[in-house]
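Requesting a structural model of the entry that follows:
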Amino acid sequence: FSLCAAFKKIMVSHFQQVQSLSILLIDHQVLFREGLISMLQNEPDIEIVGEAGTAREGFEKAIELKPELILMEINLPDEDGFKLTKEILYQLPQIKIVILTIYNSFDFMITALLAGAKGYLAKNTPIKNVLASIRAVVQGELALKRSAMPTILEEFIRLERAVSLYKIGERNINITSGLT
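Numbering: from 1, shown residues only. You can find the predicted model right below:
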């Protein structure tokens, strides 16, 4: 029993224990879907369980297949990806959704995060970064451009302050109305 045989046995055992990450791809562009699928299917830890070209089809497949992660375009022919994200997460809150889009917009990124997405990537992101982002999201991280993080943090702080001020105002109204 050689050292090489022992190493090989350990490696085979390890890879048999690795479970594939199930992914559903929702995008209206067939060529993009096919290209991304061909790149992702070469990864030993990734399994493409389905694809959809519309929001309706994507919702139905999400419910049926229950993937761990969904890669979704926001520009879909029958409904926007933000609304679809909310609908899917209402039914299946355990699913992670990453928006993969042509829109490199800060406002869209914030809207996606508020809808419940765990990532927002531009379609011109190199595949190695897409793969790293997918794996990071599954581990509980957010997949966003590092350069956007300070602006996103500022926006969420601004929103939190607005909510706090609203609650303070609401409390003052309740106190005032109780005095009359």
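
the helices in the protein, which residues?
Using DSSP state H, the helices of the chain run over 3-17, 30-40, 55-65, 81-91, 106-115, 127-138, 149-179.

Where does the prediction get shaky in the chain?
In the predicted model of the chain, residues 1-18, 146-152, 166-180 satisfy pLDDT under 70.

contacts for stretch 85-102?
Contact partners of stretch 85-102, identified using Cβ atoms under 8 Å, 6 or more residues apart in numbering, comprise 27, 36, 58-59, 62-63, 66-75, 81, 108-109, 112, 115-123, 125, 130, 133-134, 137-138, 143. C-beta: built from backbone N, CA, C; applies to glycine.

Filter those residues down to the buried ones and hand me the PyMOL line.
Selection of buried members from those for PyMOL, criterion 16 or more other Cβ atoms under 10 Å:
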select buried, resi 27+36+58+59+62+67+68+69+70+71+72+73+74+81+108+109+112+115+116+117+118+119+120+121+122+125+130+133+134+137+138+143
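
Just the buried residues of stretch 20-32, please?
Neighbour-count burial for stretch 20-32 [16+ other Cβ under 10 Å]: 21-28.

Just the residues contacting that stretch, thanks.
Residues contacting stretch 20-32 (Cβ under 8 Å, 6+ apart): 33, 36-37, 40, 44-55, 57-58, 61-62, 65-73, 75-77, 81, 84, 100, 123, 134-135, 138.

The same query, at a cut-off of 7 Å, please.
33, 36-37, 40, 45-54, 58, 61-62, 65, 67-73, 75-77, 138 (Cβ atoms under 7 Å, 6 or more residues apart in numbering).

ditto for stretch 155-165
Outside stretch 155-165, the residues touching it (Cβ under 7 Å, 6+ apart) are Ile110.

got the CA coordinates for that stretch in PDB?
What follows is stretch 155-165, C-alpha atoms only, in PDB (Å, rounded to 0.1, in the frame of the first residue of the first chain):
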ATOM      1  CA  GLU A 155     -27.400  54.500   2.000                       C
ATOM      2  CA  PHE A 156     -28.500  52.000   4.600                       C
ATOM      3  CA  ILE A 157     -27.500  54.300   7.400                       C
ATOM      4  CA  ARG A 158     -29.500  57.100   5.800                       C
ATOM      5  CA  LEU A 159     -32.500  54.800   5.500                       C
ATOM      6  CA  GLU A 160     -32.200  53.700   9.100                       C
ATOM      7  CA  ARG A 161     -32.100  57.300  10.300                       C
ATOM      8  CA  ALA A 162     -35.200  58.100   8.200                       C
ATOM      9  CA  VAL A 163     -37.000  55.200   9.800                       C
ATOM     10  CA  SER A 164     -35.900  56.200  13.300                       C
ATOM     11  CA  LEU A 165     -37.000  59.800  12.700                       C
END
